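> From the sequence below, what's the structure:
(one chain, ligands or ions: 1)
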Amino acid sequence: MTNRVHQGHFARKRFGQNFLHDDYIIDSIVAAINPNNEQALVEIGPGLAALTIPISKHVDHFTAIEIDRDLASRLIENPSLKGKLTVIEQDALTFDFNQISHQSGKPLRVFGNLPYNISTPLMFHLFKYANIITDMHFMLQKEVVTRLVAAPNTKEYGRLSVMAQYYCQIIPVLDVPPTSFKPAPKVDSAVVKLIPYKNKPYLVNDIKVLSRITTEAFNQRRKTIRNSLSNMFTVDQLSELNIDPNLRAENLSVPQYCLLANAWK
Ligand code: SAM
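Purely as a prediction, here's the structure:
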């Protein structure tokens, strides 16, 4: 069995707790973030402060959101972080990130070694705040990073690829092996940087429509879009948009999904 006790804390599986303990990886992540005081830094899931303490050396003050009450108390008590860190004991999935931007008067830079069980819904939650976020650095399952950057016509290309690439430029930063964590996860990990576009390359009038189209298309990704999108578009409508009705969800590019979203009435 993997050792679940780290620094006297018993890692809670339900909170996706795998604590970083590899100094080379930690230094590389801090260097990639390149922290400064110009934006408001926000860490999601600081845990036992593996990233929090080295980051704190570069900025006057920042915010961390931690769901685990025991870990939140440890962070509040941590002498190295006194006066530097505001700890919000809350579920990041329901947190209103506008609060921090309003209070600080600054755009946000969000980072974290994310709990893998909620990383995708968390990114979708954060995309809603893309207009107040300068960039995001996340440790994710490597497979999720592959899906984030996937191009059309590949099996990794899916709803997450389309929605993430609609909002952000996405740059893989670093691969991380299981041995860098305690307990070691069963999967490989990777750090990725997401930069929300100030001027999006393709605009949709209603993001909910893009969200619905990608859901319907990729929920039935083996079907042709003439079938999977039949609730929303006729074959004639698809053809008028120059989109072949015999394509499957994975064959459509991000601009084609945006075209569909703007054509839907
Ligand atoms: N940052 C630490 C590190 O790198 O060692 C811990 C990373 S661990 C993978 C994920 C952290 O996110 C844990 O501290 C866990 O308690 C916290 N967490 C899990 N679910 C959360 C949620 N919904 N909102 C906020 N924090 C959460």
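> Pull out the buried positions in stretch 221-236.
For stretch 221-236, the neighbour count (16 or more other Cβ atoms under 10 Å) marks T224, I225, R226, S228, L229, M232, F233 as buried. Quick note: C-beta positions are derived from backbone N, CA and C, even for glycine.
> Can you show me the strands along the stretch 151-265 of the chain?
Ranges of strands in the stretch 151-265 of the chain, per DSSP state E, counting those that start in this stretch, are 168-176, 181-182, 189-196.
> so which of these gets nearest the ligand?
Closest of the strands of the stretch 151-265 of the chain to the ligand is strand 181-182, at 7.3 Å (criterion: Cβ to the nearest ligand atom).
> Direction included, what does the closest one pair up with?
Applying DSSP bridges to the sheet, strand 181-182 is found paired with strand 19-20 (antiparallel).
> can you list the residues of the stretch 101-250 of the chain near the ligand?
N113, P115, I118 (Cβ under 6 Å from any ligand atom).
> Contacts for stretch 148-166 next, please.
Contact with stretch 148-166 is made by 120, 123-124, 127, 140, 144, 146-147, 170, 172, 192, 194, 200, 202, 204, 210-211, 214-215, 217-218, 221, 249-254, 257-258, as judged by Cβ atoms under 8 Å, 6 or more residues apart in numbering.
> State the number of residues packed around the closest residue to S253 other than its chain neighbours.
Of all residues not flanking S253 in the chain, P152 sits nearest, at 5.2 Å (Cβ to Cβ, 6 or more residues apart in numbering). By other Cβ atoms under 10 Å, 16 other residues sit near P152.
> Also A49?
A49: 22 neighbours (other Cβ under 10 Å).
> Just want the residue of the protein that's nearest the ligand.
The chain approaches the ligand most closely through G45 (2.1 Å), counting by Cβ to the nearest ligand atom.
> quick one, what contacts that residue?
By Cβ under 8 Å, 6+ apart, the contact list for G45 reads F15, G16, I65, E66, I67, A92, G112, N113, L114, P115.
> quick one: it from V5, how far?
18 Å (Cβ to Cβ, to the nearest Å).
> next one: N117
20 Å.
> out of the two, which sits in the more crowded spot?
When N117 and V5 are compared for neighbours, N117 comes out ahead with 13 against 10, by other Cβ under 10 Å.
> quick one on the thing from earlier: neighbour-wise, give me the winner out of the contacts of G45.
Tallying neighbours with other Cβ under 10 Å puts N113 at the head of these, with 30 neighbours.
> Could I get the pLDDT score of that residue?
pLDDT for N113: 98.
> Same question for F10.
We have a pLDDT of 89 for F10.
> what's the answer for K265, then?
Confidence at K265, expressed as pLDDT, is 84.
> so how many other residues sit close to it?
K265 has 6 neighbouring residues, counting by other Cβ under 10 Å.
> From L210, how far out is it?
Relative to L210, K265 is positioned 14 Å away (Cβ to Cβ).
> before we move on, what about E89?
Distance from E89 to L210, by Cβ to Cβ: 34 Å.
> Which one's more surrounded, the two?
It is L210, of E89 and L210, that has more neighbours when counted by other Cβ under 10 Å, with 23 against 15.
> Identify the residue nearest T179 in space, chain neighbours excluded?
D22 (7.4 Å).
> what residues are up against the one you found?
Counted by Cβ under 8 Å, 6+ apart, D22 has contacts V176, T179, S180, F181.
> Now for those: which two are most distant?
Spatial extent of the contacts of D22 (Cβ to Cβ) is set by the pair V176 and T179 at 9.2 Å.
> Those two: which has the busier surroundings?
Higher neighbour count among V176 and T179: V176, with 23 against 10, using other Cβ under 10 Å.
> Run a quick neighbour tally on the closest residue in space to that one that isn't next to it in sequence.
Closest residue in space to V176, ignoring its immediate chain neighbours: S189 at 4.2 Å, by Cβ to Cβ, 6+ apart. Per other Cβ under 10 Å, the neighbour tally for S189 reads 25.
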